[in-house]
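S.K.: dropping a prediction and its sequence here:
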Amino acid sequence: MLEVWKWANLTLAFVMELVAYAALALWGWKTANTTPLKLVSAVGLPLLAALAWGLFAAPNATFDRPLLAVFTKVVVFGCAAIGLWAMSYRPGAVVFVAVLVANLLAIRLGRITA
């Protein structure tokens, strides 16, 4: 049962990361004025977030520094939540943050690692 709980939480963490990328893409699309800028923003924001995640926050990050990992997670998830809020998806932003906090607490308190 503990193994199921572990993998469910790790899967949810990955899904939350994907949701953050989608929120950043939507935010980039909705806030830009012209179509070329919309495309660059919608592709560029999640790409930059994924690059930073891979370098600093992934389980096998290139730079294994805990402080950088925490900073990267706060920036990526924070920008996604702010983007949802700014686009008037306020209930979605609140649910996103609530699920994220609950998931991170479950992982941290359960000492779950990939």
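M.R.: Arrived safely. Numbers count the residues shown, from 1 in each chain.
S.K.: so where is the protein shaky, pLDDT-wise?
M.R.: Applying pLDDT under 70 to the chain flags the ranges 1, 112-114.
S.K.: could you list the buried residues of stretch 61-73?
M.R.: For stretch 61-73, a neighbour-count test (16 or more other CB atoms under 10 Å) marks 61, 69, 72, 73 as buried. In this view, the C-beta of every residue, glycine as well, is placed from N, C-alpha and C.
S.K.: these in helices, which ones?
M.R.: Secondary structure assignment by DSSP state H places 69, 72, 73 of the buried residues of stretch 61-73 in helices.
S.K.: against which helices or strands is the longest helix along the chain packed?
M.R.: For the chain, the longest helix by residue count, based on DSSP H, is helix 2-31. Applying 3 or more CB pairs under 8 Å, 6 or more residues apart in numbering; DSSP states H and E, we find helix 2-31 packed against helix 35-52, helix 66-86, helix 90-109.
S.K.: looking at the buried residues of stretch 61-73, which one is closest to residue 33?
M.R.: Distances from residue 33 to the buried residues of stretch 61-73, taken as CB to CB, are shortest for residue 72 (28.8 Å).
S.K.: hang on, the earlier thing: turn the ones in helices among the buried residues of stretch 61-73 into a markdown table, columns for distance to residue 89.
M.R.: As requested, those are arranged in a markdown table below (distance: CB to CB, whole Å):
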| residue | distance to residue 89 |
| --- | --- |
| 69 | 27 |
| 72 | 23 |
| 73 | 21 |
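S.K.: out of these, which is nearest to residue 22?
M.R.: Closest approach between those and residue 22, by CB to CB: residue 73, at 16.6 Å.
S.K.: what's near enough to touch the closest one?
M.R.: residue 57 (CB atoms under 8 Å, 6 or more residues apart in numbering).
S.K.: not counting its neighbours along the chain, what's nearest residue 38?
M.R.: What sits nearest to residue 38 in space, not counting adjacent residues and going by CB to CB, 6 or more residues apart in numbering, is residue 32, at 4.2 Å.
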